[in-house]
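In: predicted model and sequence follow; I will ask about them next.
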Amino acid sequence: MERLIEGIPGERAAVWVQDRGGGPLRLREEIVIEDLSPVLTSLAASSGANGPLNPVTQYMLARAADHLAERLLDDSPVTRSGRDGVPRILSTSLGHQPFVEQVLGMSQHQMLRRWPLATDWYTDVINYVMRPVRFSPTHAALLDGLDGWAQLPLGEFVRRYGETMTTHRESEKMLRVAEALQALWPDYPPVARAVAVYQQQVQHLWLPIYEATLRAYGLVLRPGVSGHEVAWAMNALHARQTVEQLAGQDLDHTDADGRRWTMTAWTSLLLLAGACADADGTPLSAVDLCARLPVAPLTLHEE
């Protein structure tokens, strides 16, 4: 048996490690070597037995990622009583009685009178975190800005709308937590139910604005395209922009005239170009939409 110092990306390599406390080397497993050189920015060695191509280095990272996933992505099995299990991170962070006593400094009776069962407590915390009202400040800001924006070319309307949609000054913390819950446990029943409620209410909040904007700019949906689909896609773009902003990313697009756009604003115009047409059915490009002027006042309800 000979330990491999550096593996070749794409090839399998045996991982031989001495157990804690000594003894002979033991085969742990075989792994497929990846080129992690551009990935591992904080590794002490850039090559050799402790470098990014070493099988033991890659084994340690793979096991660490798997261990982290096990701790975060608990599968929440149904218990013998038939109730949904609870991810460990919830019981650790929000333990039913420990939370009310140690964090809030209140009597456990205050908790038990309201939520006798811990699983019900966790469910309502999730319902609270993921409630659509976390978007209320943004929705109010949009309503305040619509009349002024609707006097401008559509491209500028989309730009300002997108900037407002991705500014969450008062609820950034809740947005982070809600995104984390959806990403970690999408199939955990309380999360899945909260997501369904959120999707319904977001359609209620944003769809009327999209429909009113199309009317104001004399646009119609192409055959086979629904307002629900456009609203879902637009909100998906804005949600992605929010996540990238939280990560410190500032992706943009420069059009043929040298104007800079956020990627969300530009791709929103591309989406509208594919989903909409002029009132007579004439297709329009993103460039056409940029310069398009309103043809009527923006009203949220047909008069």
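Out: Structure received.

In: sort out which residues of stretch 268-285 are buried, please.
Out: Neighbour-count burial for stretch 268-285, counted by 16 or more other CB atoms under 10 Å, picks out 268-269, 271-277, 284. Where you see a C-beta, it was placed from the backbone N, CA and C, and this is true even at glycine.

In: of those, closest to residue 145?
Out: residue 268 (15.8 Å; CB to CB).

In: could you say which helix or strand contains the closest one?
Out: Residue 268 is located in helix 263-275, with elements delineated by DSSP states H and E.

In: identify each buried residue in stretch 35-48, please.
Out: For stretch 35-48, by 16+ other CB under 10 Å, it's 36, 43.

In: pLDDT averaged over it - what is it?
Out: Per-region confidence: stretch 35-48 scores 88 on mean pLDDT.

In: now swap in stretch 262-280 and tell me
Out: Mean predicted confidence for stretch 262-280 is 91.

In: on that earlier part again, so which elements touch the helix holding residue 268?
Out: Applying 3 or more CB pairs under 8 Å, 6 or more residues apart in numbering; DSSP states H and E, we find helix 263-275 packed against helix 154-165, helix 227-246, strand 252-254, helix 286-291.

In: so what are the sheet partners of the third one and their directions?
Out: Looking at strand 252-254 with DSSP bridges, its partner strands are strand 260-262 (antiparallel).

In: so what's the gap between the strand it pairs with and the chain middle?
Out: On the basis of CA atoms, centre = their mean, to the nearest Å, strand 260-262 sits 21 Å off its chain's mean C-alpha point.

In: tell me which residues are up against that strand.
Out: 159, 162-163, 166, 241, 251-255, 269 (CB atoms under 8 Å, 6 or more residues apart in numbering).

In: how close does the spatially most central residue of the chain get to residue 191?
Out: Nearest to the mean C-alpha position of the chain, by CA atoms, centre = their mean, lies residue 179 at 4.8 Å. Relative to residue 191, residue 179 is positioned 11 Å away (CB to CB, to the nearest Å).

In: what do you get for residue 91?
Out: Plainly put, residue 91 is 15 Å away from residue 191 if you go by CB to CB.

In: please apply the same query to residue 16.
Out: For residue 16, the distance to residue 191 equals 42 Å [CB to CB].

In: equivalent analysis for residue 37, please.
Out: Taking CB to CB, one finds residue 37 at 37 Å from residue 191.

In: repeat for residue 120
Out: 15 Å.

In: of these two, who's got more company?
Out: residue 191 (23 against 14; other CB atoms under 10 Å).

In: where do the helices sit along this structure?
Out: Here the chain has its helices, by DSSP state H, at 55-72, 88-94, 96-98, 108-112, 118-129, 136-149, 154-165, 172-184, 189-216, 227-246, 263-275, 286-291.

In: could I get those helices as TSV with distance to residue 43?
Out: Below are the helices of the chain laid out as TSV (distance: least, CB to CB, whole Å):
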stretch	distance to residue 43
helix 55-72	7
helix 88-94	28
helix 96-98	38
helix 108-112	46
helix 118-129	36
helix 136-149	41
helix 154-165	39
helix 172-184	27
helix 189-216	35
helix 227-246	26
helix 263-275	32
helix 286-291	44
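
In: mind checking which of the ones you listed is nearest residue 300?
Out: Closest to residue 300 of these, according to CB to CB: helix 189-216, at 4.9 Å.

In: the closest one packs against which elements?
Out: Contacting helix 189-216 under the criterion 3+ CB pairs under 8 Å, 6+ apart are the following elements: helix 118-129, helix 136-149, helix 172-184, helix 227-246.

In: give the buried residues for the first one.
Out: Along helix 118-129, the positions that meet the burial threshold by neighbour count (16+ other CB under 10 Å) are 118-119, 121-123, 125-126, 129.

In: chain center to that helix, what's the gap?
Out: Distance, centroid of helix 118-129 to centroid of chain: 20 Å (CA atoms, centre = their mean).

In: need the residues that contact that helix.
Out: Here helix 118-129 makes contact (CB under 8 Å, 6+ apart) with 83-84, 86, 90-91, 94-96, 111, 115, 174, 177-178, 181, 190-191, 193-194.

In: now do it, average pLDDT.
Out: Computed over helix 118-129, the mean pLDDT rounds to 85.

In: could you check the angle it makes with helix 189-216?
Out: 20 degrees (axes from the mean of the first three to the mean of the last three CA atoms, to 10 degrees).

In: that older thread, out of the contacts of strand 260-262, who's the most crowded?
Out: Counting neighbours by other CB under 10 Å, residue 269 leads the contacts of strand 260-262 with 25 neighbours.
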